[in-house]
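Undergrad: Just a sequence and a predicted model for now, questions to come.
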Amino acid sequence: METAAIQTHGLTRRFGALTAVEDVTLSVAPGQFFGFLGPNGAGKSTTIKMLTGLLEPSAGSIEILGQPFGAGALELKRQIGVVPEGMALMGRLTAPEYLRFVGRMYGLDKATTNQRTDELLEFMQLADESRKLVTDFSHGMQKKLAMAAAVIHGPKVLFLDEPFEGVDAIAAGMLKTMLQGMINRGATIFLTTHVLEIVERLCSHVAIISQGRLVANGSLEELRAGVASTLPGAEQGQRLTLEEIFLAIVGADVQQEPAQELTWLA
Amino acid sequence: MAGIVDAGGGMLGAQARVQYAALARLRWQMFTNGLRSNKGALELGARTVSFVFYAVGGLAFGVGAGAAAFLLASGEQWKYLPILFWAVFFAWQIIPVMLASFQEQFDLGILLRFPVRFGSYFLLYVVFGLVDVSTILGGLGCLGILVGITAARPELFAWTALGLALFAAFNILLVRAIFAWIDRWLAQRKTREILGAVFMVLILSLQLLNPALHRQRHEENSAPLGRNATKEQAQQKNQEYQRTKAEFKARYGPWLGTANEVQQWLPPGLAARALQQRVEQQAEPASGPGLGFESLAVLGLYVLGAGGALAARLRAEYRGESLGVAPSRKKAAASQSKAVQDKTARREGGGLLDGSGPIAAVMEKELRTLFRTLPLLYSVGAPLLLVLIFSGVFIRSGPRAHIFPLALPLCLVYAQLGFTRLFYNNLGAEGTGIQLYFLSPTPIRTVLLAKNLFHSVMFGLTILIAGTLAILRLGQPEGVVVAGTVAWLLFSLPSNLAAGNVFSLTMPYRVNPGRITRQGGSQANALGALLVQALVMGVGAAVFGLSWYLHKMWLAVPIFLALAVGAVIVWVRMLRNADAMANQRRDSLIATLMKTE
């Protein structure tokens, strides 16, 4: 049996009385483009933080590439790339300085770091801004830089928390091509985003979390089939969009009450 | 529209009053919500202790100013009154420099998304400034002067109160205006770099200028009288002193006279002169009732000027200029050639430190960050300027002139205080970059080690500059004092680094690298850091004191070296535990350093 790239068992995180993530068990196969979806506050970012070592789980276990993963698993961290929620940028450096810094922190030698820095800046169309401090970058440029930093060491597993937020259509297209190329070369990508169209286009497998619990997990076709069979009014053979699937799964979980009209709004 | 208060009425209108109340409530809620966590409770405790500390200091300052004012007024020594006003002025303007590392300030910029009038914004900015330590201290100084003069000359109460009110208003507005403008300049890369360069040049220039300016005293103090000096030697020294004094008077007398003329037209001088003129007018009613008013009128113009400078800055912020995002003034015409330059720079851009390992990477990054972060440069450099000022305390003149033997270590102790923020909150300027340390395969202990090494190098350089400055100003101390001081520094540095690492991981606070004012902060961190430093200094004082008492100054050296070995062991052990400590707190550490509100 093939070792999973990402495997969790009973992953749980509590903040005092609040359980943000509860008993999440999932498996992501190597080479999979995995979409992790959920409404706001469902526990997506908390899960990704635990998977990348930014947050200690209250219970449960994580394995990355078949090895137990925790904050101290330094060798394993060399195999992982992350675009976290806060982007992990350093505002007082320029983009090349930052990328070189990240490369060295991941143990790359100087020549490799410099070469990859140049290539990534060109690819991300940031080369002309190499004298500007990161703090002066637009949000979209910062996202592109964060993406470059996440891949500079050639990770086998890539975690992306809302990587397309604020990125223009041209850059988004470029990033999608880059990610697809990584998948073709055997990398595993774990993606969270609210843009369902991207997930539908890129991801082969999807998990949905709601109120801290995993409520769906499988290939898109499996989810489609599962939802179609339960959705009243869905016709036989109808191809549901991911948005319809998402709303059917999560919407069922959320209390549906007719919204009170806010008459004081214009 | 129903449910909306009247938007008219200016900065004291109904809407403004509702907003003030909402802001007061917000501050209260932030305070009470902060108490929900242990950290919040610790902060409250630290604030209470800090308040007591500042209150005692402020009262002492006020009482001192009052006593001085009383003595001057009752002795009719009005010509010396400007000195008192200048002292208050410097305390008012310099204390924010000293406390920039410790004070927490509320950023009122968050209010600009609401329909707040400019007048209200300005008023709030000034009102929030009233609770600054410097303003409280300066206010107590003014109050002391008022009480002192009134006790000596009750009939001058109203006039003194008026003059002091204008003087206080000027100081409040000036200190706020200065920092608001500095923040503005720091927001732009070009001006930030210019300011950084000017700051460094200023520090270096002072070093070079200082010996020239103080050669006379230096020469005088370079051969201090020993305990066994003979009467003839004392007489000779006295003659030398008188001659030097005469020469000094001849050379600098006219200059001092001009300086005195000039200071009379500056706010502290004007406030004092108004009072002096009033006294003269009372003594000679024939001189006219208007005497003193013109000084107050000019002082009033200064108040308007400071207010105008502050208003100009706040007006720009009010109109939507964001200091968080510095405007980029890229010229389109130059962009093509700049792009080529950028590429070249990028390809040539090897590291400053040519190592490829994480330690070199972190040290290089720290160096780049430090020179682009004026608040950090400022906190390191400001104590150097103050060493220059305060070292004058140790200069003795007159026939029994000698240098206080422990002046050098005391000057270096003060220079060390500038490193409080770097040592005790060494992750504070990372912002979102803190995540990278937890994501990368580099252990946190390596990051802290690299930071400690970098800070040690910076510390060594600063101490070297401060030491040179102190020696040039005060003369060369005895060799054994130098050796003892170096040994104490070897004990002090690892002690501070070890404690600083613990504080950085357990009580961090975010440093906004683009601002000096309106910074967040942690009173608990600041207080703890001061306590540890006081302990290290206390040990130093005790050992030096003991050695002095036993007439065996050399004894301090082996004692400090033994303590240094212990401190290094503690530092190494701390570093070994750094990863466990950081991982245990990574959640709150990341949340604290990344928060933007």
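TA: Looks like it arrived, so ask away.
Undergrad: for the chain, what helix or strand is lowest in average pLDDT?
TA: You didn't say which chain, so I picked chain A. Lowest by mean pLDDT, DSSP states H and E among the helices and strands of chain A is helix A:220-230, with a mean of 82.
Undergrad: sorry, should have said chain B
TA: Within chain B, no helix or strand scores below helix B:332-348, which has a mean of 46 by mean pLDDT, DSSP H and E.
Undergrad: Now tell me what touches the least confident helix or strand of chain A from outside.
TA: By CB atoms under 8 Å, 6 or more residues apart in numbering or on different chains, the residues outside helix A:220-230 that reach it are A:200, A:203-206, A:208, A:216, A:218, A:234, A:236, A:238-240, A:242, A:244-245, A:248-249. Any C-beta I mention is one placed from the backbone N, CA and C, and that applies to glycine too.
Undergrad: Also stretch A:172-191?
TA: Contacting residues not belonging to stretch A:172-191 are listed as A:5-6, A:28-36, A:48, A:51, A:123-125, A:144, A:147, A:151, A:155-160, A:163-164, A:167, A:198-199, A:201-203 [CB under 8 Å, 6+ apart].
Undergrad: Name the next helix or strand downstream of the helix or strand harbouring residue B:381, please.
TA: Residue B:381 is part of helix B:374-390 when elements are defined by DSSP states H and E. Moving toward the C-terminus from helix B:374-390, the next helix or strand (DSSP H and E) is helix B:407-417.
Undergrad: Toward the C-terminus from that following helix, list the very next helix or strand.
TA: Criterion used, DSSP H and E; the element after helix B:407-417 is helix B:420-424.
Undergrad: For the residue nearest to residue A:77 when sequence neighbours are not counted, give me its contacts.
TA: Leaving aside its sequence neighbours, residue A:77 sits nearest to residue B:441 (CB to CB, 6 or more residues apart in numbering or on different chains; 4.1 Å). Counting by CB under 8 Å, 6+ apart, residue B:441 makes contact with A:74-78, A:105-107.
Undergrad: go again using 10 Å as the cut-off
TA: Neighbouring residues of residue B:441 by CB atoms under 10 Å, 6 or more residues apart in numbering or on different chains: A:73-80, A:105-107, A:153, B:358.
Undergrad: what do you get for residue B:319?
TA: Residues near residue B:319 by CB under 10 Å, 6+ apart: B:112, B:118.
Undergrad: So what's the predicted local confidence for it?
TA: Listed pLDDT for residue B:319 reads 76.
Undergrad: Distance check, it against residue B:15.
TA: According to CB to CB, to the nearest Å, residue B:319 and residue B:15 sit 20 Å apart.
Undergrad: what about the strands in the stretch 51-200 of chain A?
TA: Counting by DSSP state E, counting those that start in this stretch, the stretch 51-200 of chain A has strands at residues A:59-64, A:67-68, A:80-83, A:157-161, A:188-192.
Undergrad: how about a markdown table for those strands, with mean pLDDT and mean neighbour count added?
TA: Formatted as a markdown table, the strands of the stretch 51-200 of chain A follow (pLDDT from 0 to 100; neighbours: other CB atoms under 10 Å in any protein chain shown):
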| stretch | mean pLDDT | mean neighbour count |
| --- | --- | --- |
| strand A:59-64 | 94 | 18 |
| strand A:67-68 | 92 | 12 |
| strand A:80-83 | 93 | 27 |
| strand A:157-161 | 95 | 23 |
| strand A:188-192 | 95 | 25 |
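Undergrad: Ok, which of those strands comes nearest residue B:508?
TA: Residue B:508 sits nearest to strand A:80-83 of all the strands of the stretch 51-200 of chain A, at 21.4 Å, using CB to CB.
Undergrad: Convert the C-alpha atoms of that closest one to PDB, please.
TA: This file holds the C-alpha atoms of strand A:80-83, laid out as PDB (Å, rounded to 0.1, in the frame of the first residue of the first chain):
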ATOM      1  CA  ILE A  80       7.300  20.900   3.100                       C
ATOM      2  CA  GLY A  81       6.400  24.300   1.600                       C
ATOM      3  CA  VAL A  82       3.800  26.500   3.100                       C
ATOM      4  CA  VAL A  83       2.000  29.700   2.200                       C
END
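Undergrad: pLDDT averaged over stretch A:203-215, what's the number?
TA: Mean pLDDT, stretch A:203-215: 93.
Undergrad: Pop the domain breakdown of chain B in here.
TA: Under the assignment automatic domain parsing, the domains of chain B span B:13-225+B:259-324, B:368-594.
Undergrad: In a markdown table: these, plus distance to residue A:59.
TA: Shown next, in a markdown table, are the domains of chain B (distance: least, CB to CB, whole Å):
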| stretch | distance to residue A:59 |
| --- | --- |
| domain B:13-225+B:259-324 | 23 |
| domain B:368-594 | 15 |
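Undergrad: between those domains, which has the poorest average model confidence?
TA: The minimum mean pLDDT among the domains of chain B belongs to domain B:13-225+B:259-324 (a mean of 79).
Undergrad: give me the residue from the stretch 451-597 of chain B nearest chain A.
TA: residue B:583 (4.1 Å; CB to the nearest CB).
Undergrad: In terms of helices and strands, where is that residue?
TA: Using DSSP H and E, residue B:583 falls in helix B:556-584.
Undergrad: In the longest helix along chain B, which residues are buried?
TA: Counting residues, the longest helix found in chain B (DSSP state H) is helix B:38-74. Going by neighbour count (16 or more other CB atoms under 10 Å in any protein chain shown), the buried part of helix B:38-74 is B:39-40, B:42-43, B:46-47, B:50, B:54, B:58, B:61-66, B:68-70, B:72-73.
Undergrad: In contact with residue B:303, which residues?
TA: Residue B:303 is in contact with B:165-174, B:267, counting by CB under 10 Å, 6+ apart.
Undergrad: Not counting its own residues, what contacts stretch B:553-565?
TA: Stretch B:553-565 is touched from outside by B:405-406, B:409, B:478-481, B:483-495, B:536, B:539-540, B:542-548, B:550, B:567, with contacts defined as CB under 10 Å, 6+ apart.
Undergrad: What subset of the residues you listed is buried?
TA: Burial by neighbour count, 16+ other CB under 10 Å: within the contacts of stretch B:553-565 this picks out B:405-406, B:409, B:480-481, B:483-495, B:536, B:539-540, B:543-544, B:547, B:567.
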